[in-house]
Each structure stands twice: as structure tokens, then as C-alpha cells.
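Novice: turn this into a model:
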Amino acid sequence: MINHRLSFDSVDTKTLKVVILPTTNCNARCEYCCGVMNVPEDMTMEIAQKVVEFVSNMAKDYERLQIGWYG
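Specialist: Purely as a prediction, here's the structure:
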């Protein structure tokens, strides 16, 4: 986990780094997770499409894309 976090925090202007939280409905309740919320909710298809469009538009300005997932 630490190596994963360091790779996302490193300065790299050629890589678009995106972390996607498709659900807060995870039952693991890890203390480090930003997805620990009192309201379980799943990403809608409308929001998922907007995420795809956002990443597609942003990625045009970068050489690489790095995606992480929570939830």
C-alpha cells in the first residue's frame, strides 16, 4: 500500500493520475480508506459516463494514464 501511495504522489507531469471511487458500499471499513462513509452509495451510469468523458478529455494532454480504484 505504501509503494502504491508513493507512486501516486510522485511528481510526474507526463502521467495523468486518476483515482475512481465507484462505491461507498464497501463492508471492509478500512481505517485508511476515504470511502468509509455513513451513506452507502453506488456510482450511477450517468456519473460513470461523465468520468469516462472527463478522463478522455484530460488524457489528451498527457503521455500516460494511471488509474487507481477505491471502494
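
Novice: I'd say G68 and L21 touch.
Specialist: No: contact between G68 and L21 fails when scored by Cβ atoms under 8 Å: they sit 9.7 Å apart. (Each C-beta comes from the backbone N, C-alpha and C, glycine too.)

Novice: more neighbours: which of these two?
Specialist: L21 (17 against 13; other Cβ atoms under 10 Å).

Novice: measure the residue nearest the centre of the chain to W69 for me?
Specialist: What sits nearest the mean C-alpha location of the chain, by Cα atoms, centre = their mean, is V19, with 1.5 Å. In this view, V19 and W69 are 7 Å apart by Cβ to Cβ, to the nearest Å.

Novice: buried stuff in the helix or strand hosting K17?
Specialist: When elements are assigned from DSSP states H and E, K17 belongs to strand 15-20. Using 16 or more other Cβ atoms under 10 Å as the test for burial, strand 15-20 gives T15, L16, V18.

Novice: out of those, which is nearest to E41?
Specialist: Comparing the buried residues of strand 15-20 against E41 with Cβ to Cβ places V18 closest, at 19.4 Å.

Novice: can you map out the strands along the chain?
Specialist: Taking DSSP state E, the strands of the chain run over residues 15-20, 64-69.

Novice: please identify which of the ones you listed is closest to V52.
Specialist: The closest of the strands of the chain to V52 is strand 15-20. By Cβ to Cβ, the value is 10.0 Å.

Novice: packing partners of the closest one?
Specialist: Packing partners of strand 15-20 (3 or more Cβ pairs under 8 Å, 6 or more residues apart in numbering; DSSP states H and E): helix 45-59, strand 64-69.

Novice: and these: which comes nearest E31?
Specialist: Closest approach to E31 among the helices and strands packed on strand 15-20 (Cβ to Cβ): strand 64-69, 18.1 Å.

Novice: so what's the gap between the closest one and the chain middle?
Specialist: Chain-centre distance of strand 64-69: 8 Å, with Cα atoms, centre = their mean, to the nearest Å.

Novice: list the pairing partners of that strand within its sheet, with orientation.
Specialist: Strand pairing for strand 64-69, using DSSP bridges, gives strand 15-20 (parallel).
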